[in-house]
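Student: predicted model follows, preceded by the sequence.
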Amino acid sequence: MSFESSVVWIRDTLVPRMLEVVPMWKGATVIKCEIAQMAINKDGFASLLFSVDLWLNCDGKRTSDSIIVKIMFFDDKLRAAFQSEKQFANEIHFYSKVLPLFESVAGAQLLFPRYYYSSISSSPEGKCREEDAVIVMEDLRPKGFRLGNRSSLDFDHCVLALKQIGRFHALSYAMKHLDEEAFHRDVVSKILETLNSSEFSSGIGAYNKRVTEALKTLSPENSLAETLQGKVTDPKIFENLITPKEPLAVLCHGDFCRNNMLFNYDEKNKVCDVRLLDLQTIRYASPAIDLSFFLFMNTTAELRKQSWDQLFESYHKEVCGTLAKVLGKPEESLDPCYSLEAFKEDFRQHALYGYIITVTFLPCMLGSDQEREEMTRSWQESFWDVEHMQDLIDRIGGVQATDALVSLVLEMREKSFL
């Protein structure tokens, strides 16, 4: 597969197919179609993206639309490492089935880009093809949406993102209240697991090694390093972290991180809107799965120290406000299980999850372009055969990454998250 063959497939196969089935484009003819491969997001690992600008003739009226075409990597090793088929199946399930179901209950929430089309099929004889999996979404860039700061998000960006995920989580609670049987049958039961707990936990020890060594240097007599290493490498602990527990379990985004959201700004360049992307690792679990990863991965230690309560409360207030509105009742009448204290306790019990994912990916996000390229090549060889890339794991992101992770561990101990 090549860029040229992908362009031909999008132009000659995908676009005509969409004009047959997408309601707003049915019967239209193509005036012009421009296709470009998008530069791979420095923090994106699991797909190829193409921007497509369409000029169409719809019943004599000229229209234009900008869309994003998302397909799987052509490398079969990367597909296997990231379980790409399952990830694409999850995202397609979300956009084609789950989101319409949520919107039928709560109305359009403007949480995600507009979804147009998707398809998935099996490759013959293991050959990678464009049509193996494709998702077509609205391109929000012409409307001014863009990625936020790559290193970390400030208070205003965090509040906006947390409110958005709060609205999303509230839809699960609303659906469970209104038709819990349908929620589990049509939403939860169709989600495919993309993580092997045993394999994942065994590999995390290598990523956490730099942290335990730094902790031992800080305080050789302290048992924190050994305690931490024992917890992050225990598959039973990890399995418990991702196991849903009622009544607060929700449909989680699963990769709620700054590289999976686009922000918009007003005329004074103040952030005013956000859309969430990449629902490939959705799972039914504690809301802390999303919250802990977001708060640990996307904020500085200084921001968490200054604004932790405000950030958490902005999320909780949005959950309760959205749920009450959908159910048509005052917030004061919501079940006590939705109290701020209940969410804080649930977070405390699941916060380790956020650290486990952060210790894996924060160094990559802080690393140089060369280090990330080297890591991608290593993952292509074997994602969890970490022995051959221990040196890279230890140095990627440098002192900045190590210091940030050590600071996070000490903070978690202080807050009783460990």
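Tutor: Yes, it's here.
Student: and the residue most central in space within the chain, what does it touch?
Tutor: Residue closest to the mean C-alpha point of the chain, counted by C-alpha atoms, centre = their mean, is residue 255 at 2.4 Å. Going by C-beta atoms under 8 Å, 6 or more residues apart in numbering, residue 255 touches 278, 280, 281, 293. Where you see a C-beta, it was placed from the backbone N, CA and C, and this is true even at glycine.
Student: spell out the secondary structure type for it.
Tutor: Classification of residue 255 by DSSP: H, G, I helix; E, B strand; the rest coil places it in coil.
Student: how close does it get to residue 293?
Tutor: As judged by C-beta to C-beta, to the nearest Å, residue 255 and residue 293 stand 8 Å apart.
Student: what kind of secondary structure is residue 281 in?
Tutor: Assignment for residue 281 (three-state DSSP): coil.
Student: cool, the one 10 residues further on as well?
Tutor: What three-state DSSP gives for residue 291 is helix.
Student: for residue 163, which non-adjacent residue is closest in space?
Tutor: Distance criterion C-beta to C-beta, 6 or more residues apart in numbering; nearest residue to residue 163, sequence neighbours excluded, is residue 318 at 4.3 Å.
Student: any idea of the pLDDT on that neighbour?
Tutor: The model reports residue 318 with a pLDDT of 98.
Student: what packs against the strand or helix carrying it?
Tutor: Element membership for residue 318, per DSSP states H and E: helix 301-327. If you count contacts as 3 or more C-beta pairs under 8 Å, 6 or more residues apart in numbering; DSSP states H and E, helix 301-327 packs onto helix 99-106, helix 155-186, helix 288-297, helix 340-366, helix 398-414.
Student: pick the most buried one from those helices.
Tutor: helix 288-297 (a mean of 26; mean count of other C-beta atoms under 10 Å).
Student: now that one and helix 340-366, what's the angle there?
Tutor: In terms of direction (axes from the mean of the first three to the mean of the last three C-alpha atoms, to 10 degrees), helix 288-297 departs from helix 340-366 by 50 degrees.
Student: hmm, who's touching helix 288-297?
Tutor: Applying C-beta under 8 Å, 6+ apart, the external contacts of helix 288-297 come out as 158, 161-162, 165, 169, 241-242, 252-258, 283, 304, 308, 311-312, 315, 346-347, 349-355, 357-358, 361-362, 365, 408.
Student: again, only this time at 7 Å
Tutor: With C-beta atoms under 7 Å, 6 or more residues apart in numbering as the test, helix 288-297 has contacts from 161, 165, 242, 252-254, 256-257, 283, 304, 311, 315, 346-347, 350-351, 353-355, 357-358, 361-362, 408.
Student: now it, how far from the chain's geometric center?
Tutor: Helix 288-297 has its average C-alpha position 11 Å from the chain's average C-alpha position, going by C-alpha atoms, centre = their mean, to the nearest Å.
Student: then stretch 59-70?
Tutor: Using C-alpha atoms, centre = their mean, the offset of stretch 59-70 from its chain centre is 27 Å.
Student: now do stretch 320-328
Tutor: Chain-centre distance of stretch 320-328: 25 Å, with C-alpha atoms, centre = their mean.
Student: just the C-alphas of that stretch, formatted as CSV.
Tutor: Below are the C-alpha coordinates for stretch 320-328, written out as CSV (Å, rounded to 0.1, in the frame of the first residue of the first chain):
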residue,chain,number,x,y,z
CYS,A,320,-25.0,16.2,37.7
GLY,A,321,-26.4,19.2,35.8
THR,A,322,-26.6,17.2,32.5
LEU,A,323,-28.1,14.1,34.2
ALA,A,324,-30.7,16.2,36.0
LYS,A,325,-31.6,18.0,32.8
VAL,A,326,-32.0,14.8,30.8
LEU,A,327,-34.1,13.1,33.5
GLY,A,328,-36.2,16.3,34.0
